[in-house]
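Visitor: this one's sequence-less:
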């Protein structure tokens, strides 16, 4: 038989303290986990609850809207509301226009801001701090402050007198086409371009210069070093900027109203209305062609329009969330 060894009082006290510390650490871990779970649940509820409410409202018949006994779940389910919104927004055409415009703007913004961000990170040039202050101002100052200038400039477009020279002394009207989008995006003056330049600059500054020096020793010139060494390493941050640009452009209404609104003499007369602009045209308070429906019914159709706009973005994020989170973490690396 095994004899039980005697434990000294000091050793027993130490064992009790160890068990006490372990119990406290376990309780603290559980408390932190519960608090984190409640916080995440609250944040998710704040985001998901409005979407669930709009989904429920979109499936209701008109009589359910005025039934006070119905809170969330519809009593009479119908899909006719989606058909009405699809007809009003000319859904296939508007969706294609939205995708085309968002992709074009996002690609041009990523190309231009990547070049500028790399230049700020790696090269010294006159008035560098001043120009970077302009980039910060581009982030801080809202674009609405230059809306009048943008309208006038693109409605009477003339670059250094060249347009008037070849157009009989008259400027051309670029409104109603995608050219204003392309010009602003290619020159780093598009929507949120200052933020993308800042993110890319921070990332490129965190890359060791020894990588570029090694490439120069191996015979690469500046262009090859940028394309073969720096760009592949910056793919997560570039993809993050692309996602930001695509999402903001997808839901943008300010530039859409300025650039894609119908004008008297557009250089291209194609219809480029996006889903957001179509919904605004029919349902906003100052709409030129408001739809005549009761207020409750109008809110119901708006809910469907919001769902139509959000679902593609949710699907996009589901496939890119890992790279997106990784790029955000890497863009804040220390200088």
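Guide: Nice, thanks for sending it over. Note that the structure is predicted; figures quoted are calculated from it, not measured. Numbering: from 1, shown residues only.

Visitor: Would you quantify the distance from residue 304 to residue 39?
Guide: 32 Å (Cβ to Cβ, to the nearest Å). C-beta: built from backbone N, CA, C; applies to glycine.

Visitor: Report the mean per-residue pLDDT for stretch 319-335.
Guide: The average pLDDT within stretch 319-335 is 62.

Visitor: swap that for stretch 165-183, sorry
Guide: 82.

Visitor: gap between the two ends of it?
Guide: End-to-end distance of stretch 165-183: 20 Å, with Cα to Cα, to the nearest Å as the criterion.

Visitor: now it: how far from the chain's centre is it?
Guide: Remark: stretch 165-183 is offset 28 Å from the chain centroid, using Cα atoms, centre = their mean, to the nearest Å.

Visitor: Show the model's pLDDT score for residue 265.
Guide: With respect to pLDDT, residue 265 scores 44.

Visitor: surely residue 136 meets residue 194?
Guide: Yes: Residue 136 is in contact with residue 194 according to Cβ atoms under 8 Å; the separation is 6.8 Å.

Visitor: Counting neighbours, go ahead and name the busier of those two.
Guide: residue 194 (22 against 13; other Cβ atoms under 10 Å).

Visitor: For the residue lying closest to that one once chain neighbours are set aside, give its distance to residue 254.
Guide: Leaving aside its sequence neighbours, residue 194 sits nearest to residue 138 (Cβ to Cβ, 6 or more residues apart in numbering; 3.2 Å). Distance from residue 138 to residue 254, counting by Cβ to Cβ: 15 Å.

Visitor: next helix or strand past the worst-scoring helix or strand of the chain on mean pLDDT?
Guide: Sorting the helices and strands of the chain by mean pLDDT, DSSP states H and E puts helix 275-283 at the bottom, at a mean of 63. Remark: after helix 275-283, the chain's next helix or strand is helix 295-331, criterion DSSP states H and E.

Visitor: mind checking how far residue 171 is from residue 259?
Guide: Distance, residue 171 to residue 259, by Cβ to Cβ: 16 Å.

Visitor: meant to ask about residue 235, not that
Guide: Taken as Cβ to Cβ, the span from residue 235 to residue 259 is 30 Å.

Visitor: One more: residue 321?
Guide: Counting by Cβ to Cβ, the gap from residue 321 to residue 259 is 31 Å.

Visitor: neighbour-wise, which of the two wins?
Guide: Per other Cβ under 10 Å, whichever of residue 321 and residue 259 has more neighbours is residue 259, with 25 against 11.

Visitor: For the more buried one, which non-adjacent residue is spatially closest?
Guide: residue 180 (4.3 Å).

Visitor: what about that neighbour, how many neighbours?
Guide: Here the number of neighbours of residue 180 (other Cβ under 10 Å) works out to 22.

Visitor: Pull out the buried residues from the helix or strand containing it.
Guide: Counting by DSSP H and E, the element that carries residue 180 is helix 179-186. When burial is assessed from 16 or more other Cβ atoms under 10 Å, helix 179-186 yields the following buried residues: 179-185.

Visitor: and residue 173, backbone torsions?
Guide: Torsion angles at residue 173 (phi, psi; degrees, to the nearest 10) stand at phi -100, psi 110.
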